[in-house]
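> here's a sequence, model it:
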Amino acid sequence: MIADGRRRTGSSRLKNPPPENSIRYYRQRKGLTLKEVATLLGTTHQTIQRLEELNQVLTPDWAMRIGSVLGGIPGALIAYSDDEDAYPWAARPIPVMGVIDERRQIELQQEPLYRVGLTNRPTGTVAIEVRDRTMLLDGWLLLYDDTQAEPITDDIIALQANNERFVCRLTDGTVWVRRIVPAANGLHHLETDHAPPIYDAHVKSVALVLGFERPGQDLPPR
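Purely as a prediction, here's the structure:
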């Protein structure tokens, strides 16, 4: 949907067309015409055109079939749209905000990348790419919700137990994923088994790590 609330109808003839999809993007990337895609699927080019131009609802079955002839693209990607009213079964964008290194420090990027994400994650979920060969999940995405960041408390420290469960932002602007240990005068130590500790840190806020996810494919341009 466009910023002012109007739907991008493209060339649809319908007053209330179905959600946007990414058929045209993947078809053109594959270098196929409407007729060539239709021939591969045993249907008419008018059918593919109706789906592409939002004159026909894209079903999961159609998305899967079309994706299969466009290079094995998952149906959830064929149905992808960054509109608010996208198909509920379509892939969702997860912004990859940066990378985490072997010291468990996060290096944030100026512009996020967007990759496939699970549909059942909270709206504010963002990801960090793990680049640490000492971790079993090297290359995976660490997920957290930065909109839920909060000040450090005793309850949060108790919740982490002996794990690195929080994305920790310091007042100096650096961001880490480490165990948080209370120190004197309201300060904290940040510890990990893989690098020297950071002593007497000023913790600005923490956000709970929601989990890890295999890296998904890059999404069509937004």
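> next SSE after the longest helix anywhere in the chain?
Scanning the chain for the helix with the most residues, using DSSP state H, yields helix 60-69. Next in sequence after helix 60-69, counting helices and strands by DSSP states H and E, comes helix 75-78.
> list the contacts of the following helix or strand past that following helix.
On the C-terminal side of helix 75-78, the closest following helix or strand by DSSP H and E is strand 92-100. For strand 92-100, the external contacting residues (Cβ atoms under 8 Å, 6 or more residues apart in numbering) are 80, 82, 86, 106-109, 112-119, 121, 125-132, 141-143, 146, 177, 213, 216, 219, 222. For glycine as for every other residue, the C-beta is placed from the backbone atoms N, C-alpha and C.
> which among those end up buried?
Among the contacts of strand 92-100, those buried by neighbour count (16 or more other Cβ atoms under 10 Å) are 80, 82, 86, 106, 114-117, 121, 125-130, 132, 141-143, 177, 213, 216, 219.
> pull the contacting residues for residue 184.
Neighbours of residue 184 in contact, by Cβ under 8 Å, 6+ apart: residue 200.
> how far off centre is the one helix or strand residue 207 maps to?
In this structure, residue 207 sits in strand 203-213 according to DSSP H and E. Relative to its parent chain, strand 203-213 has a centroid offset of 15 Å by Cα atoms, centre = their mean, to the nearest Å.
> now swap in stretch 30-41 and tell me
So, by Cα atoms, centre = their mean, the centroid of stretch 30-41 is 30 Å from its chain's centroid.
> before we move on, back to that, just the buried ones among the contacts of strand 92-100: which are in strands?
106, 114-117, 125-130, 141-143, 177, 213 (DSSP state E).
> show me which pair in these is furthest apart.
116 and 177 (22.5 Å; Cβ to Cβ).
> and the angle for the one helix or strand in the chain whose mean pLDDT sits lowest with strand 203-213?
Sorting the helices and strands of the chain by mean pLDDT, DSSP states H and E puts strand 105-117 at the bottom, at a mean of 87. Taking axes from the mean of the first three to the mean of the last three Cα atoms, to 10 degrees, one finds strand 105-117 and strand 203-213 inclined to each other by 40 degrees.
> give me the residues contacting strand 105-117.
With Cβ under 8 Å, 6+ apart as the contact definition, strand 105-117 has outside contacts at 74, 76-77, 80, 91-101, 125-128, 141, 167, 174-177, 213, 215-219, 222.
> and for the residue nearest in space to the middle of the chain, nearest residue in space, chain neighbours not counted?
The central residue of the chain, meaning the one whose C-alpha is nearest the mean C-alpha position (Cα atoms, centre = their mean), is residue 94 at 1.4 Å. The shortest distance from residue 94 to any residue other than its chain neighbours is 3.2 Å, reached at residue 117 (Cβ to Cβ, 6 or more residues apart in numbering).
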